[in-house]
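>>> Give me the fold of what follows.
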Amino acid sequence: MAVVETERREHILIITLNRPEARNAVNGEVARGIEAAIDELENDRELWVGIIASSGKVFSAGADLKAVSAGKGNELWTDRGGFAGLVKRDRTKPLIAAANGAALAGGCEIVLACDMCVAAEEAVFGVPEVKRSLIPGAGGLFRLPRAVGPAVGMELMLTGDPIPAARAYELGLVNKVVPQAKLMDEALALAGRITANAPLAVQAAKKITERALTDTDDQLWAASAASMKELSKTEDYKEGPRAFIEKREPVWQAK
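I've put the predicted structure just below:
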């Protein structure tokens, strides 16, 4: 059985971590599997949104310490994606985390690398590395304070204490908290709301929005104008107004 499984549902690709016996910890096989799944999402014009989920009761405990202690720590990183084949990956398409349980250390950093997160009520999030004389080296040091604010980000980083899903929602780390039984339905519903829109416009909006906290206004104005210029050359740019005038749902082609 594959440690990373994929399932297509129309324009959505569900990527499932499948090492429940190891709390979905990331080893080399998982990292390569996630990278391959992201390749599939990025390279297929018919796939517009991805969801990362997990089997079992834990989203991910982060790095597989057995692999690390066996001298295989470098296998947890890929050249293009970094840790878990994901955290440094240059992606164009939206990715939603469906956190079914604890997302700790590298597992939390996987969530932070995604664009949105739907969480089960039982989920908790945290970066406990300092409790083991480590630091979150897969993006958590800067992505977490961006997500929850500098003061709370510093608290979580320096105490290593986790927060429950409800608190993560209050802080803006999570988009929605739902009962465990409704987790995938809610993640798919969110993905469906996105795939109802023009995919190239979604990708352009994602690219600029994720730079909102790091770039200057001048850079963002320029990027917005350039993206609008590129979108105006596409078939979907013509389809949107046409469908509105003809009082019908648009048929997007992602081109």
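>>> what comes into contact with the lowest-mean-pLDDT helix or strand in the chain?
Every helix and strand in the chain was compared by mean pLDDT, DSSP states H and E; the lowest is helix 65-69, with a mean of 87. Residues from elsewhere that reach helix 65-69 (Cβ atoms under 8 Å, 6 or more residues apart in numbering): Ala22, Ala25, Asn27, Gly28, Gly73, Glu75, Leu76. Any C-beta I mention is one placed from the backbone N, CA and C, and that applies to glycine too.
>>> How much space separates the last one from Val130?
Yep, that's Leu76 we're talking about. 20 Å (Cβ to Cβ, to the nearest Å).
>>> likewise the fourth one?
In this structure, Gly28 and Val130 are 26 Å apart, going by Cβ to Cβ.
>>> Please apply the same query to the third one.
Counting by Cβ to Cβ, the gap from Asn27 to Val130 is 23 Å.
>>> repeat for the second one
With distances taken as Cβ to Cβ, Ala25 is found 19 Å from Val130.
>>> Counting neighbours, go ahead and name the busier of those two.
Ala25 (23 against 13; other Cβ atoms under 10 Å).
>>> Hmm, that one is touching Ala61, no?
Yes - the pair Ala25 and Ala61 qualifies as a contact (Cβ atoms under 8 Å) at a distance of 4.8 Å.
>>> list the buried ones in stretch 107-125?
Of all the residues in stretch 107-125, those buried under the rule 16 or more other Cβ atoms under 10 Å are 107-120, 122-125.
>>> Could you tell me the end-to-end distance of that stretch?
8 Å (Cα to Cα, to the nearest Å).
>>> any idea of the mean pLDDT in that stretch?
The predicted model gives stretch 107-125 an average pLDDT of 98.
>>> Figure out how far it is from the centre of its chain.
Centroid separation between stretch 107-125 and its chain, computed with Cα atoms, centre = their mean, to the nearest Å, is 8 Å.
>>> go on, stretch 248-255?
25 Å.
>>> residues making contact with that stretch?
45-46, 48, 197-200, 234-236, 239-240, 242-244.
>>> how about Ala166, secondary structure?
Here Ala166 is recorded as helix under DSSP: H, G, I helix; E, B strand; the rest coil.
>>> Could you report the neighbour count for it?
So Ala166, with other Cβ under 10 Å, has 13 neighbours.
>>> And for Lys182?
Lys182 has 14 neighbouring residues, counting by other Cβ under 10 Å.
>>> so how far is Glu122 from it?
12 Å.
>>> before we move on, the earlier item: so which of the buried residues of stretch 107-125 sit within helices?
Members of the buried residues of stretch 107-125 lying in helices (criterion: DSSP state H): Gly107, Cys108, Glu109, Ile110, Val111, Leu112, Ala113.
>>> Arg146: which of the residues you listed is nearest?
Minimum separation from Arg146 among these (Cβ to Cβ) is found for Leu112, which lies at 8.6 Å.
>>> wait, isn't that closest one in contact with Pro145?
No - applying Cβ under 8 Å, one finds Leu112 not in contact with Pro145, separated by 10.4 Å.
>>> Can you give the domain ranges for the protein?
The chain breaks down into these domains under automatic domain parsing: 4-195, 199-245.
>>> Which residue ranges of the stretch 101-250 of the chain form helices?
Taking DSSP state H, counting those that start in this stretch as the test, the helices found in the stretch 101-250 of the chain are 106-113, 140-148, 150-159, 165-171, 183-195, 199-209, 217-231, 235-245.
>>> quick check: angle from the third one to helix 106-113?
Looking back up the chat, that one is helix 150-159. On the basis of axes from the mean of the first three to the mean of the last three Cα atoms, to 10 degrees, helix 150-159 is oriented at 160 degrees to helix 106-113.
>>> what does helix 150-159 rub up against?
Helix 150-159 is contacted by residues 126-127, 130, 136, 140-141, 144-148, 161, 163, 171 when judged by Cβ under 8 Å, 6+ apart.
>>> Kindly recompute the last result at 7 Å.
For helix 150-159, contacts defined as Cβ atoms under 7 Å, 6 or more residues apart in numbering pick out Gly126, Val127, Val130, Leu141, Leu144, Pro145, Ile163, Leu171.
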